[in-house]
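Enquirer: got a sequence here, can you model it:
(chains A, B, C and D)
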There are 2 protein chains.
Amino acid sequence: MRYSHRLSDAVHILAYVEIYRDGDLSSQAIAASVESNPALVRRLMGALRQAGLLATQRGSAQPHLLRDPATMSLLDIYRAVEPDGDLLHVDDRTNPQCIVGGNIQETLRGAYQQVQRAAENQMAQITLAELISEIQVRERKRANL
Amino acid sequence: MRYSHRLSDAVHILAYVEIYRDGDLSSQAIAASVESNPALVRRLMGALRQAGLLATQRGSAQPHLLRDPATMSLLDIYRAVEPDGDLLHVDDRTNPQCIVGGNIQETLRGAYQQVQRAAENQMAQITLAELISEIQVRERKRANL
DNA sequence: TAAAGATGTAATGTTATGAGTAACAACTAG
DNA sequence: CTAGTTGTTACTCATAACATTACATCTTTA
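Expert: Residues are numbered from 1 along each chain as shown, chains lettered A, B, ... in the order given. Next comes the predicted model:
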């Protein structure tokens, strides 16, 4: 399938809401920055709201973060917007009558879980605050060229 | 998209070749175990061959591993069969005229690389030998029920 | 209160990617 | 020579992600 950009776009939205806190925070304005469309932005914001990361108000363009960016990890955002958070996928149609086909699914599931844990541990150590800060540092460098 | 099963199927093939070393190793027999089709098996075997993990011979169904399973890691196999090995993907269409859109791509690339490294380090520590061993242990348990 | 504009959400269309399928040249083995 | 196999390509099909459209509901403001 096409690669998912949900995590990237969700981080984008959260960073935008924080950086342009006093500007236009309509889904249309954010969509212009993501180069996407307002409906996608609203859908992602809905997922972030359900996860308790973002507050929004119907009819009024005033989203705001519900947690300090320093305590919001990439993993929190990932879990909020990726319905199936699995990075690797077992082939669940193998022949159970074969030694390999009958046992590889559970075997790989265990291995993939270890990989998933390692990735998630790393995601948990990256905060939204760090990402926002890096965005701003990069912007200052761009401006000084 | 549909989720990729290439890694799972590649491990399946390698484990099959090792476990059924003296049996029928035709792409058709392996495909029956994977519950897939011979062409897919041959395609994956081609990738494994190019990576130096498997030897095959045109016209003759005698594939064999080129390295000790104890020295072949899940990462080796992953790199062999996943053309784009990236687990997370940056949205590369963002508005460069915006502070966020203009700097988030490089920022996320760095973060995703850290996650990728963590996942790959874990993959590197899982060997084909361990997976094969677990498959056989599970099979013994199944037989004793 | 009415109009304008925003969100929340669902339905539908488009597109990219993975897997399935078929075909065939090149090779091996009996 | 024949049957069977691999290596490879082209094509079809299924599915998931994103785009688009639409509209009910709510907020704001004149």
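
Enquirer: could you confirm A:Gln62 falls within a strand?
Expert: Yes - counting by DSSP: H, G, I helix; E, B strand; the rest coil, A:Gln62 is found in a strand.

Enquirer: show me which residues of chain A sit near DNA strand D.
Expert: A:1-6, A:9, A:36-40, A:57-60, A:84 (Cβ under 7 Å from any atom of the strand). C-betas here are computed from N, CA, C, even on glycine.

Enquirer: also near chain B: which of those residues, exactly?
Expert: A:Met1, A:Arg2, A:Tyr3, A:Ser4, A:His5, A:Asp9, A:Ser36 (Cβ under 8 Å from any Cβ of the partner chain).

Enquirer: picking that back up, so which of the residues of chain A next to DNA strand D are in helices?
Expert: A:Arg6, A:Asp9, A:Pro38, A:Ala39, A:Leu40 (DSSP state H).

Enquirer: now these in TSV, with pLDDT and neighbour count?
Expert: Below are those laid out as TSV (pLDDT from 0 to 100; neighbours: other Cβ atoms under 10 Å in any protein chain shown):
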residue	pLDDT	neighbour count
A:Arg6	97	20
A:Asp9	98	23
A:Pro38	97	15
A:Ala39	97	10
A:Leu40	97	17
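
Enquirer: pick the one among the residues you listed closest to B:Glu139.
Expert: The nearest member of these to B:Glu139, counting by Cβ to Cβ, is A:Arg6 at 38.9 Å.

Enquirer: before we move on, back to that, just the buried ones from the residues of chain A next to DNA strand D?
Expert: A:Ser4, A:His5, A:Arg6, A:Asp9, A:Ser36, A:Leu40 (16 or more other Cβ atoms under 10 Å in any protein chain shown).

Enquirer: excluding its backbone neighbours, what's nearest the fifth one?
Expert: Of all residues not flanking A:Ser36 in the chain, A:Asp9 sits nearest, at 6.8 Å (Cβ to Cβ, 6 or more residues apart in numbering or on different chains).

Enquirer: for that neighbour, what are its contacts?
Expert: A:Val34, A:Ser36, A:Leu40, A:Val41, A:Leu44, A:Val81, B:Asp91 (Cβ atoms under 8 Å, 6 or more residues apart in numbering or on different chains).
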